[in-house]
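S.K.: My questions are about this predicted structure, shown below with the sequence.
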Amino acid sequence: MQIKPGKLLATIQEPQDLRQLDQSQLVALSQELRQFIIDNVSVYGGHFGASLGVVELTVALHYAFNTPEDQLVWDVGHQAYGHKILTGRRDSFHTNRVYNGISGFPKRKESKYDTFGVGHSSTSISAALGMAVASKYQGLDDKHHIAVIGDGAMTGGMAFEAMNHAGVSNSNVLIILNDNCMSIDPNVGALKDYLTDITTSQTYNRFRDEVWNVLGKFSKFGSSAQEVLSKVEGSVKSFLLKQSNLFESLNLRYFGPVDGHDVDHLVHVLNDLKKIPGPKILHCVTVKGKGFALAEKDQTKWHAPGTFDKVTGEIFKKVYDTPQPPKYQDVFGHTIVELAKQNDKVMGITPAMPSGCSLNIMMKEMPDRAFDVGIAEQHAVTFSAGLATQGMIPFCNIYSSFMQRAYDQVIHDVCIQNLPVIFCLDRAGFAGADGPTHHGAYDIAYMRAIPNMIVSSPMNEEELRNLMYTATLNKEGAFTIRYPRGNGVMPEWRTPMQAVTVGKGRVIQEGNEVAILTIGHIGNYAVQVCEELAKEGLTPGHYDMRFVKPIDEEMLHHVFKKYKKVVTVEDGCIPGGFGTAVLEFMADHGYQAQVKRLGIPDRIVEHGEQLELHNECGFGPEGIKQTVLALFESVHVPH
């Protein structure tokens with residue numbers, strides 16, 4: 001079902017239609033765009049507060065700039081719903097984040113207006129600067145390149161690296177800082193305090209406009225006068241703020257702060273900035289969730305609330321008659337608090353995802369032992385390594401796909417030094433509607449390649465608790481525990497924690513002729529398959545390996561001596577993954593068997609519900625069942 005747009009929004013298929021409007025109509029258009037987002041997300045779900053906060057900025061950007069010739073990069077990408085609606089995807093917006101529908105993030109192959117794919121954060125300035133340098137090299141000096149960076153993305157180190165380069169590039173790049181003091185959770189760190197100082201300095205804001213007016217009046221006297229006045233401008237800014245302007249010190253001309261919800265003023269400012277060559281930054285102050293009162297009041301809750309009643313604000317949740325299994329992230333969040341009460345050396349670290357990974361439970365109860373370090377995965381890993389050198393037991397919880405950003409630190413700062421850092425990789429496997437930028441497809445392969453690293457994955461909540469407890473006893477080397485997004489399988493999950501033997505799997509059932517080897521939560525599909533096959537008189541063996549590294553060699557010897565048909569199942573990439581580890585063992589020990597590996601294939605898999613994607617890739621319950629049946633049939637085929 002398509003949501004009907006307002007009168008003005010209905011006339012806009014692409015930004016050139018928007019630019020045909022009179023500027024006086026932009027306030028009304030912004031109201032219609034905001035309402036269209038509310039109407040759609042309330043029915044279909046998705047990210048909410050971030051896109052509401054940049055409605056006026058989105059309209060102003062496409063009105064002032066000649067997109068797509070002028071290139072716009074969004075960072076982070078869940079701010080870009082309004083952008084998608086204004087750039088040809090209004091009528092398909094109801095398919096946002098749905099299987100085979102449009103992506104929830106900007107995507108180059110989806111639209112010419114999506115100049116760069118952005119699912120992770122802090123990449124926009126680097127990308128826009130690369131585009132600007134290329135344009136300058138090609139003699140396209142009039143082309144504009146705009147990086148919209150917000151929702152906490154400025155706290156990522158890559159943004160500072162890019163600004164450092166931009167300041168000496170003399171390229172035509174405009175950085176727009178969408179300052180809403182939020183990522184998914186409230187922003188943290190010194191940068192947040194610095195930006196607050198700027199936005200709340202009444203003296204600076206009063207004199208700022210007067211200084212700009214003076215500078216504008218004297219611009220007719222030529223470049224030499226402008227150079228002098230530019231220095232005066234910078235000196236006044238620094239004096240009034242009682243400190244050096246961070247952005248000016250990087251040779252970026254700083255403008256702002258401006259009201260990010262005043263669309264008319266934004267258009268005027270952007271048109272003025274188009275006339276100023278070189279690297280510059282516009283500081284826009286916005287409210288995440290603007291225009292929906294509940295989202296403004298509780299910005300974390302309304303980051304991605306699911307479906308809701310747009311009138312009452314009631315968030316719809318399924319009601320069950322019986323207790324349901326918890327989310328794996330909540331099992332982690334409660335278990336780490338239990339462990340911390342037992343052991344005063346346990347600490348928790350997350351890069352800007354305390355509510356997403358449930359470390360917020362520990363942060364509330366033990367604020368001196370749980371740390372949100374901002375969108376800074378590299379820092380999170382090395383900070384954890386520093387804690388480990390002093391005898392602490394750090395649980396570094398990072399989404400699997402975000403850990404890719406800190407791979408060097410895992411090797412260099414943790415594993416080479418053989419430090420006992422515990423990595424809890426949330427969202428391992430398919431991340432669902434967030435799509436390929438968030439799928440945790442590669443962690444088994446990239447973690448098992450590193451010396452001094454244990455790689456494990458629990459099949460249920462009890463196993464997660466046991467692995468977390470076991471990891472606290474580990475004195476050398478890193479310990480990875482990976483688990484998926486969503487719910488487990490045990491309503492009664494608060495079981496006593498017990499140490500498990502590192503490198504030892506579990507026999508779920510012995511069988512004959514065909515063995516199923518699984519790792520992690522995906523093994524519950526195999527349990528279901530074995531129950532169905534038992535009704536047909538077939539009994540495959542099922543082994544929950546629990547560890548990919550060190551792998552249970554004793555169990556694998558048993559499997560390859562007993563079975564000539566083996567299926568491996570993992571919710572990770574097939575190349576280099578768990579199945580590959582089993583093949584390596586088979587080859588190293590001279591066994592011969594037919595091994596069928598099921599997992600994420602060697603291609604980019606798009607977004608959709610987890611089960612939809614598991615089925616697409618052949619390792620959902622039906623895919624496992626058909627693979628096992630085919631192997632059983634091949635056993636009895638005459639040769």
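M.R.: Noted; the coordinates are in hand. Numbers count the residues shown, from 1 in each chain.

S.K.: got any ranges where the stretch 201-350 of the chain has weak pLDDT?
M.R.: By pLDDT under 70, the low-scoring segments of the stretch 201-350 of the chain are 201-244.

S.K.: ok, which stretches of it are helices?
M.R.: Ranges of helices in the stretch 201-350 of the chain, per DSSP state H, counting those that start in this stretch, are 202-217, 223-241, 246-249, 263-273, 293-297, 328-342.

S.K.: any idea how far Thr335 is from Pro496?
M.R.: Using C-beta to C-beta, to the nearest Å, Thr335 is found at 12 Å from Pro496. All C-beta atoms are positioned from the backbone trio N, CA, C, and that covers glycine.

S.K.: More neighbours: which of the two?
M.R.: Neighbour count, other C-beta atoms under 10 Å: between Thr335 and Pro496, Thr335 has more, with 25 against 8.

S.K.: can you tell me how far the more buried one sits from Gly505?
M.R.: Thr335 sits at a distance of 21 Å from Gly505 (criterion: C-beta to C-beta).

S.K.: ok, which stretches of the stretch 351-500 of the chain are strands?
M.R.: For the stretch 351-500 of the chain, the strands defined by DSSP state E, counting those that start in this stretch cover 370-372, 393-399, 422-426, 453-456, 478-482.

S.K.: Same list as before, these that is, but in JSON lines and with mean pLDDT, distance to Ala587 and mean neighbour count included.
M.R.: Converted to JSON lines, the strands of the stretch 351-500 of the chain look like this (pLDDT from 0 to 100; distance: least, C-beta to C-beta, whole Å; neighbours: other C-beta atoms under 10 Å):
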{"stretch": "strand 370-372", "mean pLDDT": "97", "distance to Ala587": "44", "mean neighbour count": "24"}
{"stretch": "strand 393-399", "mean pLDDT": "98", "distance to Ala587": "33", "mean neighbour count": "27"}
{"stretch": "strand 422-426", "mean pLDDT": "98", "distance to Ala587": "28", "mean neighbour count": "27"}
{"stretch": "strand 453-456", "mean pLDDT": "98", "distance to Ala587": "20", "mean neighbour count": "25"}
{"stretch": "strand 478-482", "mean pLDDT": "98", "distance to Ala587": "24", "mean neighbour count": "27"}
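
S.K.: Show me the contact partners of the strand or helix carrying Met158.
M.R.: Secondary structure assignment for Met158, by DSSP states H and E: helix 157-169. Contacts to helix 157-169, defined as C-beta atoms under 8 Å, 6 or more residues apart in numbering, come from residues 122-126, 129, 132-133, 149, 153, 173, 175, 247, 250-252, 279, 281, 376, 378-379.

S.K.: mind listing which of those residues are in strands?
M.R.: Residues of these located in strands (DSSP state E): Ile149, Val173, Ile175, Ile281.

S.K.: for the residues you listed, which one is nearest Lys341?
M.R.: Nearest to Lys341, judged by C-beta to C-beta, of those is Ile149 at 39.6 Å.

S.K.: Okay, Gln16 and Glu69: tell me how far apart.
M.R.: Distance, Gln16 to Glu69, by C-beta to C-beta: 11 Å.
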